[in-house]
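Undergrad: Starting from these lines, generate the structure:
(one chain, ligands or ions: 3)
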Amino acid sequence: MKHKTGVLLVNLGTPDSPSVKNVRSYLSQFLNDPRVIDIPWLMRKLLVNLIIVPFRAPKSAKIYQELWTDKGSPLLHYTRLASEHLQQELGDDFHVEYAMRYKNPSIESVLERMRKMNFAHLIIVPLFPQYASSTTGSALQNVMEVIRKWWVIPEISFVSQYYDHPQFVQALLERGKQYPHKEYDHVMFSFHGLPVRQVDKVYDDGLCEDHNCEAEVTDDNKFCYKAVCYETARQIARGLEIPEEKYTVAFQSRLGNDPWLEPFADKVVKEQAEKGCKKLLVFSPAFTADCLETIIEIGEEYQEIFQEHGGEHLQLVESLNDHPLWIQTLKELVLQRAVFHTPAMAENQN
Ligand SMILES: C=CC1=C(C)c2cc3[nH]c(cc4nc(cc5[nH]c(cc1n2)c(C)c5CCC(=O)O)C(CCC(=O)O)=C4C)c(C)c3C=C
Ligand SMILES: [Fe+2]
Ligand SMILES: [Fe+2]
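TA: Ligands and ions are numbered 1, 2, ... in the order given. Have a look, this model is predicted:
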């Protein structure tokens with residue numbers, strides 16, 4: 001087909017296996033990324049390679065061993081599944097591939113395969129609904145680094161965020177409806193955390209704290225991770241009619257001693273249990289595929305904290321994984337950017 005479009009889904013990445021060796025190699029690639037640990041080169045090398053990775057790898061490997069299934073890492077499994085379903089939905093005018101920012105399949109190897117297919121147009125879709133420099137920014141930078149070396153540079157479209165895409169919100173609402181909030185005492189929206197310093201860097205003038213990011217998204221803060229996380233939570237709460245006083249937005253998985261976005265999810269879980277909350281419902285809308293951070297951190301570690309402090313049951317809402325409305329969201333993100341060279345191609349998508 002002359003005008004076939006290439007679509008590349010990019011997720012964060014996961015170790016090749018849960019062995020200490022492979023987890024060490026994954027953490028080393030991940031944490032040596034200057035968009036993830038954004039400190040001067042020498043400090044990052046010393047901190048990551050001599051302190052964080054050697055201490056963290058054996059502990060993380062144990063957790064990955066618990067997470068691993070017969071299908072391997074859930075993050076990789078669900079990313080593959082989403083890509084296969086999207087291919088079915090988009091049909092023959094598109095060729096869908098997936099890649100991981102860290103480890104395999106690497107962005108470089110998948111793009112090399114796509115280069116050989118000679119697409120006139122490439123559409124790159126990071127699987128992160130809310131923009132962060134450490135996820136979307138890093139994935140898109142890596143794609144650009146690879147493609148800049150090509151002799152032929154095709155037309156390229158980058159998706160940078162879609163937390164407010166109506167179909168994405170609808171997909172989250174459908175997931176949430178499985179667990180009517182009236183059956184729970186409280187709801188927590190738990191987003192992956194970020195160092196405050198990284199959030200501040202999206203502003204040319206001032207800091208995040210000057211922009212009322214908990215309350216609204218404006219033209220000034222539209223790439224502020226904190227602002228768009230709060231907006232994601234508001235959209236879900238509105239759609240499911242969860243009153244403001246019944247939910248809390250929180251940030252999980254902090255690393256190191258720098259200030260990270262607050263409130264911390266583990267503290268919210270503890271406080272809710274201590275206040276008498278018996279049933280807690282937890283959404284994790286920054287993760288489009290279930291992974292270590294949802295299955296283990298929320299589903300097991302937070303469950304334990306909750307019960308230790310008097311709670312009874314913490315219910316994790318599954319990530320979108322291969323939910324049909326999530327696949328429809330991806331399809332729309334692609335079609336909104338696709339160029340139809342013939343009326344027949346446009347007709348195929350109706
Ligand atoms: C959803 C968006 C994510 C953001 C933003 C993010 C930022 C970020 N993460 C770390 C450190 C770690 N993250 C780890 C795992 C992990 N992180 C995300 C997503 C985001 N991270 C996912 C989907 C996963 C799970 C991968 C899997 O294999 O299942 C880990 C590894 C696990 C561990 O050892 O705890 C680390 C480390 C930083 C420092 C950061 C922002 C600066
Ligand atoms: Fe992370
Ligand atoms: Fe902000």
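Undergrad: okay, CA-based contacts and neighbour counts for the rest of this
TA: Noted.
Undergrad: and the next element down the chain from the helix or strand where Gln272 lies?
TA: In this structure, Gln272 sits in helix 265-274 according to DSSP states H and E. Heading C-terminal from helix 265-274, the first helix or strand you meet, by DSSP H and E, is strand 279-283.
Undergrad: And ligand 1, is that following strand touching that?
TA: No: for strand 279-283, no contact with ligand 1 is found by Cα under 6 Å from any ligand atom; the gap never falls below 12.7 Å.
Undergrad: Give me the residues contacting the helix or strand just after that strand.
TA: Later in the chain than strand 279-283, the nearest helix or strand by DSSP H and E is helix 303-308. Residues outside helix 303-308 that contact it (Cα atoms under 8 Å, 6 or more residues apart in numbering): Asp266, Val269, Lys270, Gln272, Ala273, Glu312, His313, Leu314.
Undergrad: Closest one to Thr136 out of those, please.
TA: Asp266 (25.2 Å; Cα to Cα).
Undergrad: That closest one against Tyr302, yeah?
TA: Yes: at 6.3 Å, Asp266 and Tyr302 qualify as touching, with contact defined as Cα atoms under 8 Å.
Undergrad: separation between Lys267 and ligand 1?
TA: In this view, Lys267 and ligand 1 are 17 Å apart by Cα to the nearest ligand atom, to the nearest Å.
Undergrad: An error on my part: the question was meant for Lys270.
TA: For Lys270 relative to ligand 1 (Cα to the nearest ligand atom), the value is 20 Å.
Undergrad: So that residue sits against Glu301, correct?
TA: No: Lys270 is beyond contact range of Glu301, at 11.4 Å (criterion: Cα under 8 Å).
Undergrad: which residue ranges form the strands in the stretch 1-150 of the chain?
TA: Under the criterion DSSP state E, counting those that start in this stretch, strands of the stretch 1-150 of the chain are mapped to 5-13, 94-102, 121-126.
Undergrad: Including mean pLDDT, could those strands go into JSON lines?
TA: Converted to JSON lines, these look like this (pLDDT from 0 to 100):
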{"stretch": "strand 5-13", "mean pLDDT": "98"}
{"stretch": "strand 94-102", "mean pLDDT": "98"}
{"stretch": "strand 121-126", "mean pLDDT": "98"}
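Undergrad: how close does Val48 sit to His192?
TA: 20 Å (Cα to Cα, to the nearest Å).
Undergrad: those helices in the stretch 151-300 of the chain, which residues are they?
TA: 166-177, 196-200, 225-239, 265-274 (DSSP state H, counting those that start in this stretch).
Undergrad: of those helices, which approaches Gly91 most closely?
TA: Nearest of those (Cα to Cα): helix 166-177, 19.8 Å.
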